[in-house]
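> Predicted coordinates and the sequence they were generated for:
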Amino acid sequence: MTAARTDVPAGTAADQRLYLEGGLRPLPCTTCGVRVLVKKLSPEQTSIQWTTSTDDCPEIAARIAEGDHPALVDTCPRLRATIEHALREGILEVPDTEE
């Protein structure tokens, strides 16, 4: 195990935190209620950070129980539908990248 770096410039650490955490919005799945943090980076890219284990999602847990490798279960279609609904309702927004 390596020690944490303590010599990272404050600006770099702040930039990293903004990139990894900035713009994330809490969003509960409308089917099972599992809460994730979501950010749209472009129409094609969605960043999802799980606030609990992915095993808490019944859809993902079922796929793993059926033998799918956890690393290959990319997302839950019900969660994807929740995110698409949040976009249509204006809860989530895709940033304007034409600046």
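That came in fine, so what should we check first?

> residue closest to the middle of this protein?
For the chain, I48 is the residue whose C-alpha lies nearest the centre (Cα atoms, centre = their mean; 0.8 Å).

> Does that residue fall in a helix, a strand, or a coil region?
For I48, the secondary-structure state derived from DSSP: H, G, I helix; E, B strand; the rest coil is strand.

> Let me see the contact set for it.
By Cβ atoms under 8 Å, 6 or more residues apart in numbering, the contact set of I48 is V36, L37, V38, T75, L79, I83. For glycine as for every other residue, the C-beta is placed from the backbone atoms N, C-alpha and C.

> Relative to A14, how far out is the last one?
So that's I83. 27 Å (Cβ to Cβ, to the nearest Å).

> Now do the strands in the chain.
Counting by DSSP state E, the segments of the chain that form strands are 25-28, 35-40, 46-50.

> Just the buried residues of the last one, please?
Neighbour-count burial for strand 46-50 flags T46, I48 (criterion: 16 or more other Cβ atoms under 10 Å).

> ok, now the second one?
Of the residues in strand 35-40, those buried under the neighbour-count criterion (16+ other Cβ under 10 Å) are V36, V38, K39, K40.

> what do you get for the first one?
Neighbour-count burial for strand 25-28, with 16+ other Cβ under 10 Å as criterion, is recorded at L27.

> Just checking: what are the partner strands of that strand?
Take DSSP bridges as the rule and strand 25-28 pairs in its sheet with strand 35-40 (antiparallel).

> can I get the CA coordinates of stretch 87-99 in CSV?
The C-alpha coordinates for stretch 87-99 follow below in CSV (Å, rounded to 0.1, in the frame of the first residue of the first chain):
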residue,chain,number,x,y,z
LEU,A,87,-33.5,14.8,-18.4
ARG,A,88,-36.9,15.2,-20.0
GLU,A,89,-38.3,16.8,-16.8
GLY,A,90,-35.3,19.2,-16.5
ILE,A,91,-34.1,17.7,-13.2
LEU,A,92,-30.8,16.9,-15.0
GLU,A,93,-29.3,19.0,-17.8
VAL,A,94,-26.8,18.4,-20.5
PRO,A,95,-24.2,21.2,-20.5
ASP,A,96,-23.9,23.4,-23.6
THR,A,97,-20.6,22.4,-25.0
GLU,A,98,-20.6,24.8,-28.0
GLU,A,99,-18.8,27.6,-26.1
